[in-house]
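**Q** What follows is a predicted protein model with its sequence.
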Amino acid sequence: MGHLWLIGMMGTGKTTVGRELARRRVEPFYDTDASVATTAGKSISEIFAEDGEERFRRLEREVVAEVATLPGGVVATGGGVILDPSNVERMRASGRTILLQTDETVLADRIAEEHGRPLLDGDPAARIREIAADRADRYIDAADVVIDAAGDPEEVINRVEQACGSS
Ligand code: S3P
């Protein structure tokens, strides 16, 4: 059946939801940010700071291309994966894209406590609003299925399972 690619803004819970969803489906879990960090031998923040966003996007593209060839599973992607049309093409050719979507207030609350998101330096709530507005159309265009990501991970996982079936 191919992959379930979880896409959406930072803070929508792609990693938490993806890991648990894969466990329930007894399928592999892939995390593109984690693979990029492993490939580079440093954190995402360090890649942005030392090598720049372009380098990060190149690594991300390579990881997406590689994951697309692996056995069907659940993939948590970085929020910006949809910026590159070749990523969107690869994701859709190797499975379905599931957009986790919620409003910016929820996102701002969720990310307020976290660190390590270089694109949110400065005023995270304001940056989230800006980025969400910039990307809104791209997310919708890239999505096969749109899931409400409000609430706790359990509820979100149930919604994904309902929309996608168990295989
Ligand atoms: C990014 C989101 C991050 C990470 C990088 C860039 C983005 O992933 O890939 O900081 O452009 O939205 P998460 O969505 O997992 O935070």
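**A** Nice, I can see it. Source: prediction; values computed, not measured. Numbers count the residues shown, from 1 in each chain.

**Q** Just give me the longest helix of this protein.
**A** helix 124-142 (DSSP state H).

**Q** which residues touch it?
**A** 7-11, 79-80, 82-83, 88, 91-92, 97, 99, 101, 104, 107-108, 111-112, 117, 119-121, 146 (C-beta atoms under 8 Å, 6 or more residues apart in numbering). For glycine as for every other residue, the C-beta is placed from the backbone atoms N, C-alpha and C.

**Q** Would you tell me what the next helix or strand after it is?
**A** strand 145-148 (DSSP states H and E).

**Q** can you give me how far that next one is from the chain middle?
**A** Counting by C-alpha atoms, centre = their mean, to the nearest Å, strand 145-148 is centred 13 Å from the centre of its parent chain.

**Q** Please apply the same query to stretch 78-93.
**A** Centre-to-centre, stretch 78-93 and its host chain are 10 Å apart (C-alpha atoms, centre = their mean).

**Q** Check stretch 24-32 too.
**A** The answer for stretch 24-32 is 13 Å, by C-alpha atoms, centre = their mean.

**Q** Report how many residues lie close to Ala93.
**A** Using other C-beta atoms under 10 Å, Ala93 has 9 neighbouring residues.

**Q** Contact partners for the residue lying closest to it once chain neighbours are set aside?
**A** Once flanking residues are discounted, Ala93 sits nearest to Ala68: 7.1 Å by C-beta to C-beta, 6 or more residues apart in numbering. Taking C-beta under 8 Å, 6+ apart, we find Ala68 in contact with His3, Arg90, Met91, Ala93, Ser94.

**Q** Please indicate which of those residues are buried?
**A** The neighbour count (16 or more other C-beta atoms under 10 Å) marks His3, Arg90, Met91, Ser94 as buried among the contacts of Ala68.

**Q** mind listing which of the residues you listed are in strands?
**A** Of the positions in the buried ones among the contacts of Ala68, His3 sit in strands, assigned by DSSP state E.

**Q** relative orientation of the worst-scoring helix or strand of the chain on mean pLDDT and helix 124-142 in degrees?
**A** Lowest mean confidence among the helices and strands of the chain (mean pLDDT, DSSP states H and E): helix 104-112, at a mean of 81. Interaxial angle, helix 104-112 versus helix 124-142 (axes from the mean of the first three to the mean of the last three C-alpha atoms, to 10 degrees): 120 degrees.
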